[in-house]
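Undergrad: Generate a structure from the sequence data that follows.
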Amino acid sequence: MRVAIVGNNKAEAEKLAEKAGFTLADDKLDFVISYGGDGTMMRAEFQYPGVPKIVLKDSLICKVCSVLSNEAVLEKVAQGKYEIKSLIKLEAVKDGQTITGLNDVIVHNANPRHGIRYQLWIDDRQLGNTIIGDGIVVATPLGSTAYYRSITDSNFETGIGLAFNNSTEQMDHVVLDDNKTIKLKLTRGPAVVYADNQDLSLELKEGDEVVIKKSPSVAQWVIVK
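TA: Predicted structure coming up:
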């Protein structure tokens, strides 16, 4: 089976992969080995979207890693003893530009000294009036254990989560069906839109709108037990 590797210690992962009988390759991949932690998996999905990810632990924090050893994980995959779970992703679209995230899409004030003002719609229903704060976090179930949880002290298993970051008025977080569309119009900015830990971002000026919704593409996560 042909694999590519993403991680900071690729040499170690290459030894593990070759020992388990995998072939290192650049194309026509069966799997991508993510060697690190949760952030490495997001980076691997960004670099190789849609290719099934085998997540190996090379970090003190890795919520998506198996409790089995790295060697045991690779051995089971080589033997065909695995399942593939599809994970939803999110996309943010502004003026034809799109960024995609596995964990979350975040709209944040570009200047931390000043809050932003914005209006928000869920499909065609406006939520409140003008909202003042640092922005919003829109999370997938996978991402609900990250930034979303730090704001809401909760997580979820299905749908899309919407959390409000430091709003001046009480705005309760909400979990939406994953077919819902969130539209944000910036009325005072500037703001920035980013996904996961990517360098890519979208800039919002006053009057700009961004639409956040489930991506038509999915991530594939290899699970062994």
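Undergrad: Helices along the chain, start to end?
TA: With DSSP state H as the criterion, the chain has helices at 10-19, 38-47, 70-78, 147-152.
Undergrad: Domain ranges for this protein, per the record?
TA: 2-81, 89-216 (automatic domain parsing).
Undergrad: For the first one, what is the distance to the chain centroid?
TA: So that's domain 2-81. What separates the centre of domain 2-81 from the centre of its chain is 18 Å, taken as CA atoms, centre = their mean, to the nearest Å.
Undergrad: chain center to the top strand by length along the chain: distance?
TA: Determined from DSSP state E, the single longest strand within the chain is strand 209-223. Relative to the centre of its chain, strand 209-223 is centred 8 Å away, using CA atoms, centre = their mean.
Undergrad: Kindly report the same for stretch 86-103.
TA: With CA atoms, centre = their mean as the basis, stretch 86-103 stands 9 Å off its chain's centre.
Undergrad: now swap in stretch 192-206 and tell me
TA: Chain-centre distance of stretch 192-206: 13 Å, with CA atoms, centre = their mean.
Undergrad: Likewise for stretch 75-87?
TA: Worked out by CA atoms, centre = their mean, stretch 75-87 lies 21 Å from the chain centre.
Undergrad: List the buried residues of that stretch.
TA: Under the neighbour-count criterion of 16 or more other CB atoms under 10 Å, stretch 75-87 has 75-77, 82, 87 buried. Where C-beta positions appear, they are placed from N, C-alpha and C, glycine not excepted.
Undergrad: from these, which single one is nearest residue 213?
TA: residue 87 (15.7 Å; CB to CB).
Undergrad: Surely that closest one touches residue 102?
TA: Yes - assessed by CB atoms under 8 Å, residue 87 is found in contact with residue 102 at 6.6 Å.
Undergrad: intersection of neighbour lists for the two?
TA: 140, 142, 219 (CB atoms under 8 Å, 6 or more residues apart in numbering).
Undergrad: Tell me both backbone torsions, phi and psi, for the first one.
TA: By that I understand residue 140. Main-chain dihedrals, residue 140, degrees, to the nearest 10: phi -80, psi 170.
Undergrad: got the contact list for residue 66?
TA: Contacts for residue 66 (CB under 8 Å, 6+ apart) come out as 55, 57, 72-73, 223-225.
Undergrad: Roughly how far does it sit from residue 22?
TA: 17 Å (CB to CB, to the nearest Å).
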